[in-house]
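K.L.:
Sequence and computational prediction follow.
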Amino acid sequence: MSAVPSTRPSRTPAILVLEDGRTFRGESYGALGETVGEAVFSTGMTGYQETLTDPSYRRQVVVMTAPHVGNTGVNTEDPESGRIWVAGYVVRDPARVASSWRATRTLEEELSEQGVVGISGIDTRALTRHLRERGAMRVGISSVSEDAETLLATVQAAPQMSGADLAGEVTTAEPYVVPAIGDKQLTVAAVDLGIKSMTPQRMAERGIEVHVLPADATLEQVHATGADGVFFSNGPGDPAATTDAVGLLQEVLRDRTPFFGICFGNQMLGRALGLQTFKLKYGHRGINQPVMDRTTGKVEVTAHNHGFAVEWPTDLDTSVATPYGKASVSHVCLNDDVVEGLEVRDADGELLAFSVQYHPEAAAGPHDAEYLFDRFADLMHARRNPGSDAEGTAL
Ligand SMILES: NC(=O)CC[C@H](N)C(=O)O
């Protein structure tokens, strides 16, 4: 199918009300109804399907800064999970026709089918500037009532993102295995805190068999997979509220099992090491964020989706002694100096664990950071074959 004509019904008026009372009036987009969540903006010009299906967006209403959304419809290849997770969707100007050889339906049809309430035809630039100046805040969208006062009361009664423990709401109910592509060389236990499907895929491409485990996995379950390494995924909510996963990670670190974490996994590593996390004013969400690898000085253009970050207790050049080894900041965001990566080494300088706050799986986004999956594979190979220089050459 190359061009899917929109079957948009005639527009229903809709309102968007922020918790500080600012109100925008537009038209319904997707399902009719009412929804609340945390308003955040994403600057990605492409990749809306990956954004919508990223479980890290649980309870968030996503504002797209790209003015046209839906141009290529939806397809069966790009979802990062089995469903749309955003709590609501805000676009300026939805495409009237979906045009792509891969499209199976329009974005609005998909939103409607999955019951996702959205709003279109509002000034998303003004809304984004407001969020940038005032910070991420709770929001409501309604296409069933135009009464802003009532919606404001609902928004103000909604739970905050700070303190929200959400991994249990998005994790897999049962463990599953993503087989290695080609010869199986390594096994990874991946703790699913809201994992995107491209992450095990990137590992599988490197000969890694990935055992995806629920968020409440125990160390026994991890060991039962025969894992060479442990991975913690991205995920929704406040890292400070997700304490069980931190406990598991501390056991993994105590075992000296090679560890790699992405996004929420980076925050989990920080907290397992005894560091604090904090809420950013409006977060990083998009696919063109500049990050510097502090070991090489090389700058990567990277995909981000985070509202919290690890707080470094001293200047970024200084390492911190932890019960599990010496921790340091491996990557930093060049826009605002936010910690974008951590690594932990033992007294001999051997790498034990590392993580990044951004998305090397690149779904959507540039592929600059794919080397991190190679680094994880090299770390596990080096641990299996002590004395080999696999780790040294890779790092
Ligand atoms: N993509 C993620 O893993 C997000 C992590 C965390 N929920 C945050 O907003 O910072």
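P.N.:
Sure thing, it's come through.
K.L.:
How about stretch 162-180 and the ligand, any contact?
P.N.:
No. Stretch 162-180 lies out of reach of the ligand by C-beta under 6 Å from any ligand atom, never closer than 7.6 Å. Heads up, the C-betas are built off the backbone N, CA and C, glycines and all.
K.L.:
In that stretch, which residues are buried?
P.N.:
Neighbour-count burial for stretch 162-180, counted by 16 or more other C-beta atoms under 10 Å, picks out 164-172, 175, 178, 180.
K.L.:
Return the subset of the residues you listed lying in helices.
P.N.:
Residues of the buried residues of stretch 162-180 located in helices (DSSP state H): 167-170.
K.L.:
could I get the residues you listed as TSV with pLDDT and distance to G21?
P.N.:
Formatted as TSV, those follow (pLDDT from 0 to 100; distance: C-beta to C-beta, whole Å):
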residue	pLDDT	distance to G21
A167	98	32
G168	97	33
E169	98	29
V170	98	31
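K.L.:
tell me which of the residues you listed is nearest to L379?
P.N.:
The closest of these to L379 turns out to be A167 (C-beta to C-beta; 24.6 Å).
K.L.:
The closest one against P236, yeah?
P.N.:
Yes. Checked against C-beta atoms under 8 Å, the pair A167 and P236 is within contact range at 7.0 Å.
K.L.:
Identify the contacts common to these two.
P.N.:
Counting by C-beta atoms under 8 Å, 6 or more residues apart in numbering, the residues touching both A167 and P236 are 194, 264.
K.L.:
Quickly check: the helix or strand G247 falls within near the ligand or not.
P.N.:
Using DSSP states H and E, G247 sits within helix 243-254. No. On the criterion C-beta under 6 Å from any ligand atom, helix 243-254 is out of touch with the ligand, staying 11.7 Å away.
K.L.:
Give the partner strands of the next helix-or-strand element following that helix in its sheet and their orientations.
P.N.:
Next along the chain after helix 243-254, taking DSSP H and E as the criterion, comes strand 259-262. Paired neighbours of strand 259-262 in the sheet (DSSP bridges): strand 229-232 (parallel), strand 351-356 (parallel).
K.L.:
and these, which is most packed in?
P.N.:
With neighbours taken as mean count of other C-beta atoms under 10 Å, these reach their highest mean count in strand 229-232, at a mean of 28.
K.L.:
so what's A240 up against?
P.N.:
With contacts defined as C-beta under 8 Å, 6+ apart, the neighbours of A240 are 162-163, 271, 276-277, 308.
K.L.:
Contact partners for P323?
P.N.:
Applying C-beta under 8 Å, 6+ apart, we find P323 in contact with G274.
K.L.:
For it, give its distance to Q60.
P.N.:
Using C-beta to C-beta, to the nearest Å, one gets 34 Å for the distance from P323 to Q60.
K.L.:
count of neighbours near E311?
P.N.:
The tally of other residues near E311 (other C-beta atoms under 10 Å) stands at 12.
K.L.:
Isn't it up against F278?
P.N.:
Yes. Using C-beta under 8 Å, E311 makes contact with F278 at a distance of 5.1 Å.
K.L.:
Leaving out chain neighbours, which residue sits closest to T218?
P.N.:
Of all residues not flanking T218 in the chain, L248 sits nearest, at 7.0 Å (C-beta to C-beta, 6 or more residues apart in numbering).
K.L.:
now do A227
P.N.:
When the adjacent residues along the chain are set aside, A227 lies closest to A189, with 3.9 Å between them (C-beta to C-beta, 6+ apart).
K.L.:
One more: S81?
P.N.:
Nearest to S81 is T53, by C-beta to C-beta, 6+ apart, at 4.9 Å.
K.L.:
The helix or strand encompassing D374 packs against which elements?
P.N.:
Assigned by DSSP H and E, D374 belongs to helix 371-384. Contacts defined by 3 or more C-beta pairs under 8 Å, 6 or more residues apart in numbering; DSSP states H and E place helix 371-384 against strand 186-191, helix 198-204, strand 229-232, strand 259-262, strand 351-356, helix 390-394.
K.L.:
Flag every buried residue along that helix.
P.N.:
For helix 371-384, burial by neighbour count (16+ other C-beta under 10 Å) applies to 372-373, 375-383.
K.L.:
same check, this time on stretch 199-214
P.N.:
199-200, 202-204, 206, 208-214.
K.L.:
quick one: the nearest residue to L249 once chain neighbours are set aside and the ligand, what's the gap?
P.N.:
Nearest non-adjacent residue to L249, counting by C-beta to C-beta, 6+ apart: A272, 4.1 Å away. Noted for A272: a distance of 15 Å to the ligand, by C-beta to the nearest ligand atom, to the nearest Å.
K.L.:
looking at the strands paired with strand 259-262, which is closest to the ligand?
P.N.:
Among these, the nearest to the ligand by C-beta to the nearest ligand atom is strand 229-232 (9.5 Å).
K.L.:
Could you confirm whether the closest one reaches the ligand?
P.N.:
No. Applying C-beta under 6 Å from any ligand atom, one finds that strand 229-232 is not in contact with the ligand, the shortest distance being 9.5 Å.
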